[in-house]
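> have a look at this prediction, sequence included:
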Amino acid sequence: MKPNTLLAGILYTCLLMATVLPANAQLHTQKGQKKGIHLALNITNQKKQPSRTYFNLGLLSNYPCLNGMGINALSSVTYHHSKGLQVTGLTNITGVDAAGFQLAGIANVTGRNTSGIVLGGLVNVNGGTINGFALSGIGNMSARNTRGILFSGLLNMSNGNSSGVQLAGIANITGQDQNGLMLGGLMNACKDTIRGMQLTSLLNVVGSANQGVQLAMLGNVAVTNQGVQLGLGNYSAENKGVQLGIANISSHGHKSLQLGFFNLSSDSLAHQIGCINISPRTHIQLIVSSGNLNKANVAVRFKNRFTYTELGGGAWYFDLDHDLSASAFYRAGIYLPLCRLLEISADAGFYHIETLDNKHKGYPARTYALQPRLNLEFRITKRLGIFASGGYAWTRPYSKGHTLDHKGTFEAGIVLF
């Protein structure tokens, strides 16, 4: 399923409440203005149509328009506009537009646009656009756009564009473009383009283009990345910006930079800096070898143009008269073809060594080693080669500053594929 389709489904489902509730509120108020229960004192101008209420104080109120101040213990319902101060213990409902200050113990519901400050104990639901400041315990929901600052204990959702700052305990979701800052406890999602920053603990998702910064503890997803993605894992179908993380994956991106431990790109012209870099030009090979360090080695080599990295493991790092020991190693190097079948290379390697039962014979439980090498490799066939290496190794314990062993090294083996 395409990311745009999936994200659109989530957005439209979540925003159904924001679209339907205000519409129903406006419909019922327009059809049944005279049937609403009104237990309040009003100062009203009846000469204007609809009539204007400048002061309202009571238990619950139903009236056409508020142009001033309304305070009710339970609820306040205005069929048309509300301009000024509207405070109630439970719910404020405005049929069309609201402007000024709204405070409700449970919810503020507006049929069209809201401008000003909206404080709801649980939710603020808006059928149009929110302009200003909105604070709620559960969610702020807008069927169109949001402009300003939105704080919510759980969710901020808008079906249109969002501009400004959105802060939510769980997630911020925008149906179109985002301009500004999204700060979500678990997730931020934008269906179209972001021009700003998404910051979360788990996941940031952009259905179209990231032209800002995505920062997540877990991962970032964008169809097109034209900015910066920073997280443990980053994915973009087309990368035109920078990906920084443990794992970076993109399908296209010859103008991009991937910086991390593992970089994967389907574009052979992508710029990659990391421990393991894979692109269409990468030649993946299996190496089996033996030497006077590890007596048995198996490694995978990722060979790119003039550079390579190697990740592997081995056994019997110490002499054969010792007990079994195991090691994992990583190498990075450069190579130069001397002719069609012969090439020379140089690399530097890091070994992590588990001494196992040798720790009972005076060895540290864990040591490390550094090893520079020179290598000569000959290709017998297209998928089979042999090599020989020589270098020097320093073995040291992690916890102490002295050198446990240092010596010249040699290694030889076969290269498959």
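Great, that's in hand.
> longest strand in the protein, by number of residues?
Using DSSP state E, we find that the single longest strand of the chain is strand 366-381.
> remind me what that strand packs against, helices and strands.
For strand 366-381, the elements it packs on are strand 326-337, strand 342-354, strand 384-397, strand 405-416, judged by 3 or more CB pairs under 8 Å, 6 or more residues apart in numbering; DSSP states H and E. All C-beta atoms are positioned from the backbone trio N, CA, C, and that covers glycine.
> partners of it, with directions?
Applying DSSP bridges, strand 366-381 is found paired with strand 342-354 (antiparallel), strand 384-397 (antiparallel).
> mind putting those strands into a markdown table with mean neighbour count and mean pLDDT?
What follows is these, written out as a markdown table (neighbours: other CB atoms under 10 Å; pLDDT from 0 to 100):
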| stretch | mean neighbour count | mean pLDDT |
| --- | --- | --- |
| strand 342-354 | 17 | 96 |
| strand 384-397 | 17 | 96 |
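> now the ones you listed as JSON lines including distance to residue 371?
As requested, those are exported to JSON lines (distance: least, CB to CB, whole Å):
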{"stretch": "strand 342-354", "distance to residue 371": "4"}
{"stretch": "strand 384-397", "distance to residue 371": "4"}
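> what's the helix or strand for residue 284?
Taking DSSP states H and E as the definition, one finds residue 284 inside strand 283-291.
> who's in contact with that strand?
Residues from elsewhere that reach strand 283-291 (CB atoms under 8 Å, 6 or more residues apart in numbering): 278, 296-304, 310, 312, 387, 389, 409-417.
> and these, which of them are buried?
With burial judged by 16 or more other CB atoms under 10 Å, the buried subset of the contacts of strand 283-291 is 278, 297, 299, 301-304, 310, 312, 387, 389, 409, 411, 413, 415.
> give me the number of residues near residue 264?
Taking other CB atoms under 10 Å as the criterion, the count of residues near residue 264 is 20.
> surely it is in contact with residue 246?
No: look at residue 264 against residue 246 with CB atoms under 8 Å: they stay out of range, at 12.0 Å.
> contacting residues for residue 232?
216-219, 245-247.
> which of these sits closest to residue 231?
Top of the list for closeness to residue 231, among the contacts of residue 232 and by CB to CB, is residue 216 at 4.1 Å.
> for the residue lying closest to that closest one once chain neighbours are set aside, give me phi and psi.
Of all residues beyond its chain neighbours, the one nearest residue 216 is residue 231 (4.1 Å), with distances taken as CB to CB, 6 or more residues apart in numbering. Dihedral angles of residue 231 (phi, psi; degrees, to the nearest 10) stand at phi -170, psi 180.
> most neighbours, which of the contacts of residue 232?
Among those, where neighbours are counted by other CB under 10 Å, the top count belongs to residue 216, at 26 neighbours.
> look up how far residue 393 lies from that residue.
Counting by CB to CB, to the nearest Å, the gap from residue 216 to residue 393 is 40 Å.
> ok, and for the strand holding residue 284, which residues are buried?
Within strand 283-291, the residues that qualify as buried are 285, 287, 289, 291, counting by 16+ other CB under 10 Å.
> out of these, what pair is the most spread apart?
Longest distance between any two of the buried residues of strand 283-291 is 17.9 Å, between 285 and 291; criterion CB to CB.
> OK, contacts around residue 240?
Residues near residue 240 by CB under 8 Å, 6+ apart: 224-226, 253, 255-256.
> before we move on, the earlier item: just the buried ones among the contacts of strand 283-291 now: which is nearest residue 107?
The shortest separation between residue 107 and any of the buried ones among the contacts of strand 283-291 is 52.2 Å, and it belongs to residue 278 (by CB to CB).
> pull the distance from stretch 357-376 to the chain's centre.
Using CA atoms, centre = their mean, to the nearest Å, the distance from the centre of stretch 357-376 to the centre of the chain it belongs to is 39 Å.
> next structured bit after the strand holding residue 284?
Sequence-wise, the next helix or strand downstream of strand 283-291 (DSSP H and E) is strand 296-303.
> just checking, what packs against that next one?
strand 271-278, strand 283-291, strand 307-315, strand 326-337, strand 405-416.
> export these to a markdown table and tack on distance to residue 165 and mean pLDDT?
Putting these into a markdown table (distance: least, CB to CB, whole Å; pLDDT from 0 to 100) gives the following:
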| stretch | distance to residue 165 | mean pLDDT |
| --- | --- | --- |
| strand 271-278 | 34 | 92 |
| strand 283-291 | 46 | 96 |
| strand 307-315 | 42 | 95 |
| strand 326-337 | 43 | 96 |
| strand 405-416 | 56 | 95 |
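> need those strands in JSON lines (columns: distance to residue 123).
Written out in JSON lines, the entries for these read as follows (distance: least, CB to CB, whole Å):
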{"stretch": "strand 271-278", "distance to residue 123": "45"}
{"stretch": "strand 283-291", "distance to residue 123": "54"}
{"stretch": "strand 307-315", "distance to residue 123": "52"}
{"stretch": "strand 326-337", "distance to residue 123": "53"}
{"stretch": "strand 405-416", "distance to residue 123": "63"}
